[in-house]
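Asks: give me coordinates for this.
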Amino acid sequence: MNLAGSRLTVLRAIYFGQDHRLGLNELWQQMQVSRTSITNIIDGLERDGLVERAINSEDRRVIDARLTAKGKDLCANVLPKMAVFMEGLCRGFSAGELHDFSDYLARFQKELLFQTSHPAQD
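Replies: Numbers count the residues shown, from 1 in each chain. Next comes the predicted model:
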C-alpha cells in the first residue's frame, strides 16, 4: 500500500476531522491544491479501502471523505509513530528555524501534491 507524501497528508487531515471525516472542498482548500488532485488521491485511497465518500449529514450537497475502519486503524498506528519520529528529527533546531522549515515544507507539500496528481508524460 502506497502511503507516500500526499496520500498520508490527506489521511492525516481526514483523521483529525470531526468524526474522522472531512468535506472534499475543505480538503482541497486545506491542502491548497486543485479539486482534481484531491479527487485523484481520494480515488486511490478509496480503492485501497482506507476512505469512502459519504454525503454530509448537515448539507446533502457536500460530499465528505470518511475514514473506513481500516483507515482509522492505519492512522491510529502510523500517525503517533510518525509524530515521535518527526519530533526527534527537530530536536536540534531553534524555534525560528522550525518556523522557516515549516513554511518550506508547506510549499514543498503543495508542489508534491500537484506533481502526484499530474504525473509527467513521457
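Asks: per-residue confidence for residue 78?
Replies: If you check residue 78, the pLDDT there is 92.
Asks: next: residue 119.
Replies: 68.
Asks: ok, residue 89 next?
Replies: The model's pLDDT for residue 89 equals 88.
Asks: for it, give its distance to residue 113.
Replies: Using Cβ to Cβ, to the nearest Å, one gets 22 Å for the distance from residue 89 to residue 113. C-beta here means a position set from N, CA and C on the backbone, and glycine is covered the same way.
Asks: out of those two, which sits in the more crowded spot?
Replies: Comparing residue 89 with residue 113 by other Cβ atoms under 10 Å, the one with more neighbours is residue 113, at 24 against 9.
Asks: quick check: phi and psi at the more buried one.
Replies: Per-residue torsions, residue 113: phi -60, psi -40 (degrees, to the nearest 10).
Asks: state the distance from it to residue 90.
Replies: Distance from residue 113 to residue 90, by Cβ to Cβ: 22 Å.
Asks: same check on residue 108?
Replies: 16 Å.
Asks: which residues of the protein fall in helices?
Replies: 5-15, 24-31, 35-47, 69-89, 95-117 (DSSP state H).
Asks: go through these and name the closest to residue 61.
Replies: Nearest to residue 61, of all those, is helix 24-31, at 10.0 Å by Cβ to Cβ.
Asks: any idea how far that closest one is from the chain center?
Replies: From the chain centre to the centre of helix 24-31 is a distance of 10 Å (Cα atoms, centre = their mean, to the nearest Å).
Asks: and if you look at stretch 17-37?
Replies: 8 Å.
Asks: swap in stretch 91-98?
Replies: Per Cα atoms, centre = their mean, the displacement of stretch 91-98 from the mean C-alpha position of its chain is 24 Å.
Asks: swap in stretch 6-20?
Replies: On Cα atoms, centre = their mean, the centre of stretch 6-20 falls 5 Å from that of its chain.
Asks: what is the mean pLDDT for it?
Replies: 91.
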